[in-house]
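# Next come a sequence and a model predicted from it.
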Amino acid sequence: MADPRGFLEVHRVAAPERPPQDRVRDYAEIYGTLPEDELRHQASRCMDCGVPFCNNACPLGNLIPDWNDLARVGDWKKAISQLHATNNFPEFTGLICPAPCESACVLDIDDDPVMIKQIEYWTINKAFDEGWVVPEPPETRTGRHVAVIGSGPAGMAAAAELNKVGHRVTVYERDEAPGGLLRFGVPDAKLEKWMIDRRIEVLEQEGIEFVCDVEVGTDLSVERLRGEHDAVVLATGSRIERDLEVPGRDLDGVHFAMEYLYCRNRWVADSQGRPARKAEREISAAGKRVVVIGGGDTGMDCVSNSLREGAEDVLLLDVYPEVPEGGRYPNTPWPIQPRRLVTTYALEEGGERRFGRQVLGMEGENGHVRRVIAREVSGESSRTLVPVEGSEFAIEADLVLIAVGFTNPEHEGLLDGLGVAYDSRGNVKAGTFTTSVDRVYAAGDVRVGASLVVTAIAEGRRCARVVEAALR
Ligand SMILES: Cc1cc2nc3c(=O)[nH]c(=O)nc-3n(C[C@H](O)[C@H](O)[C@H](O)COP(=O)(O)OP(=O)(O)OC[C@H]3O[C@@H](n4cnc5c(N)ncnc54)[C@H](O)[C@@H]3O)c2cc1C
Ligand code: SF4
């Protein structure tokens, strides 16, 4: 830390974003970057703490104080090599990570945290612009062949690491293009898909084979899969959505959030001339009164898509209480990551969020949803909710999107076909990434349950080390 007074003299500024009223008219990325001078100034706020809580909070163990200092002096080439040493895909985390590192930054105790995410994003953008991100295929091959099932961030990271040490890697993906939830969950407004294509191109040039449109366990039998590969990494995500068991759930116009998000992401891809499968069932929010149930990332992405489609109005019901002043509930003090954000990109664009609202059911006319029945509740977790007496109310709705989380991975097909054991939550049991089936490993949401992109990348990397040790 060359500037010991940096954090006293420089104040955090807001990361640039396109104005909500402009960006809501298109699907282009909403985030921008600070000018280089300003960013280097911001990096000088880092105190290079003796105990860097930022580093500890990052699932990847990113060497944050080190690259903050390299950013401060403008040594971007060294900064990107430090960043790539622990994170294969900083362009994804730099954009959409909720940044547990910033929540844990020591400055966040009584000031604003260092702009770690913005520094990360700037560094990787600079590296791509300068042509420093080039394919680095291994010099020799081991003769071993690994299959990675699923091309989300966990599968991509596992594939990158295993390929790096010389194994031949094939990634199988059932969707029409790689990326997992990065491509079909997260909207373009948060992450434009050419960024995934750019990284896949580098991975392909390094020798990784991506085979899309293949559902393993159905299109490719588990016997063939195991027969043709020395090891199998399961990175198939956690895709069974938590349902609302309430009256009216089966009315037309009531959908899981992911059905809607897959539709919208495919629509955007098609409108940009990228290959996209036709959605099985078109779901549109255009001109409708939309109610989104659930206030996490998935719910917010439904709000942002509905607004872009021209919904008549959008209301998000969140069962949790209002985020207190300062942004943290008492049960998530520093350095723990807050569970809910005070505001998010989607709500800045429009729509309304009501906290402490529990949905009791839906009512319809002629088989189609017309209103949502809900009540006010208090309490900090789903287990301690207390209904507010006499608070029931009805909201007119033509489209209801359920975004209350994911319960577990899909068992039917691949996982049951392999015969892997499950833990008590229904995730693949793989304490040390090793499943109950010989030469079969698991990483990412399929192992730990629905999580974050940064966790998935960290999972893929750690799993690759275990597979590598076994193959050697
Ligand atoms: C709408 C939404 C928004 C999100 N936003 C954010 C965010 O802003 N920031 C953040 O950090 N996290 C976010 N997340 C969470 C994050 O996207 C996930 O935690 C992460 O993508 C998990 O990575 P994964 O590789 O384990 O699984 P996934 O990304 O789910 O990838 C699994 C892949 O496996 C494929 N697959 C499954 N079964 C088979 C099979 N039998 N054969 C072949 N392929 C198969 C799937 O098609 C999929 O491509 C969001 C999640 C959702 C749903
Ligand atoms: S906790 Fe904050 S101030 Fe301390 S080293 Fe990490 S980024 Fe720098």
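Yep, that arrived. Ligands and ions are numbered 1, 2, ... in the order given.

# need the residues of this protein near ligand 2, please.
46-49, 52-54, 64-65, 68, 105-107, 114, 116 (CB under 6 Å from any ligand atom). Bear in mind the C-beta positions are built from the backbone N, C-alpha and C, glycine included.

# Which PyMOL command selects the buried ones in the residues you listed?
Burial among those is assessed by 16 or more other CB atoms under 10 Å; the matching PyMOL selection reads:
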select buried, resi 46+47+52+53+54+64+65+68+105+106+107+114+116
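
# in stretch 210-217, what's buried?
Under the neighbour-count rule (16+ other CB under 10 Å), stretch 210-217 has F210, V216, G217 buried.

# typo on my end, it should be stretch 407-414
Neighbour-count burial for stretch 407-414 flags T407, N408, P409, E410, L414 (criterion: 16+ other CB under 10 Å).

# Which of those fall in strands?
Counted as lying in strands by DSSP state E, out of these, are T407, N408.

# And the buried residues of stretch 407-414, which is closest to R141?
For the buried residues of stretch 407-414, the residue nearest R141 by CB to CB is L414; the value is 27.1 Å.

# OK, contacts around the closest residue to ligand 2 within the stretch 101-250 of the chain?
Closest residue of the stretch 101-250 of the chain to ligand 2, CB to the nearest ligand atom: C105 (3.4 Å). Counting by CB atoms under 8 Å, 6 or more residues apart in numbering, C105 makes contact with F53, C54, P113, V114, I116, P335.

# Quick check: closest non-adjacent residue to it.
P113 (3.5 Å; CB to CB, 6 or more residues apart in numbering).

# And for that neighbour, the neighbour number?
P113 sits with 22 neighbouring residues when counted by other CB atoms under 10 Å.

# so which of the contacts of C105 are also by ligand 1?
Of the contacts of C105, not one also sits near ligand 1 (CB under 6 Å from any ligand atom).

# Can you give me the neighbour number for the residue lying closest to R354 once chain neighbours are set aside?
In space, and not counting its chain neighbours, R354 is closest to L317: 5.7 Å by CB to CB, 6+ apart. For L317, the neighbour count with other CB under 10 Å is 22.

# Would you confirm that L317 contacts C302?
No: L317 is not in contact with C302 according to CB atoms under 8 Å; the separation is 11.8 Å.

# okay, and the common contacts of those two?
Counting by CB under 8 Å, 6+ apart, the common neighbours of L317 and C302 are V292.

# Within range of ligand 1, give me the residues from the stretch 151-300 of the chain.
Listed as neighbours of ligand 1 in the stretch 151-300 of the chain under the rule CB under 6 Å from any ligand atom: 151-155, 172-175, 180-182, 185-186, 190, 215-217, 235-237, 261, 297-298.

# Just the buried subset of those residues, written out for PyMOL, thanks.
Selecting only the buried entries of those in PyMOL, with 16+ other CB under 10 Å as the criterion:
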select buried, resi 151+152+153+154+155+172+173+174+175+180+181+182+185+186+190+216+217+235+236+237+261+297+298
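
# which ones among the residues of the stretch 151-300 of the chain next to ligand 1 are found in strands?
Those of these lying in strands (DSSP E): Y172.

# How about the secondary structure of the residue nearest to C105?
The three-state assignment at P113 reads coil, by DSSP: H, G, I helix; E, B strand; the rest coil.

# Check the gap between it and N427 for me.
31 Å (CB to CB, to the nearest Å).

# Please apply the same query to M115.
34 Å.

# And the two? Which one has more around it.
Counted by other CB under 10 Å, M115 and N427 do not tie: M115 has more neighbours, with 26 against 20.

# Can you check which strand is longest in this structure?
In the chain, with assignment by DSSP E, the single longest strand is strand 368-378.

# what's downstream of it, the next helix or strand?
Using DSSP states H and E, the helix or strand that directly follows strand 368-378 along the chain is strand 386-387.

# Which strands or helices does that following strand pack on?
Secondary-structure packing of strand 386-387 (3 or more CB pairs under 8 Å, 6 or more residues apart in numbering; DSSP states H and E): strand 368-378.

# List the buried residues for the strand it packs on?
Here strand 368-378 shows V369, R370, R371, V372, I373, A374, R375, E376, V377 as buried, counting by 16+ other CB under 10 Å.

# Find the pair from those residues with maximum spatial separation.
The most widely separated members of the buried residues of strand 368-378, counting by CB to CB, are R370 and V377 (23.3 Å).

# which residues are in contact with the helix or strand bottoming out on mean pLDDT in the chain?
Within the chain, no helix or strand scores below helix 6-9, which has a mean of 90 by mean pLDDT, DSSP states H and E. Identification of contacts with helix 6-9 by CB under 8 Å, 6+ apart yields S44, R45, C46, M47, R72, L107, D111.

# Can you tell me how far the residue of the stretch 351-472 of the chain found nearest ligand 1 is from I336?
Using CB to the nearest ligand atom, the closest approach of the stretch 351-472 of the chain to ligand 1 is made by G444 at 2.5 Å. Per CB to CB, G444 is found 23 Å from I336.

# quick one: secondary structure of the closest residue to ligand 2 within the stretch 301-450 of the chain?
Residue nearest to ligand 2 within the stretch 301-450 of the chain: P335 (8.5 Å; CB to the nearest ligand atom). For P335, the secondary-structure state derived from three-state DSSP is coil.

# quick one, what contacts it?
P335 makes contact with F53, N56, A57, S103, A104, C105, D108, according to CB under 8 Å, 6+ apart.

# Just the buried residues out of those residues, in PyMOL syntax.
The following PyMOL line selects those of the contacts of P335 that are buried, judged by 16+ other CB under 10 Å:
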select buried, resi 53+57+103+104+105+108
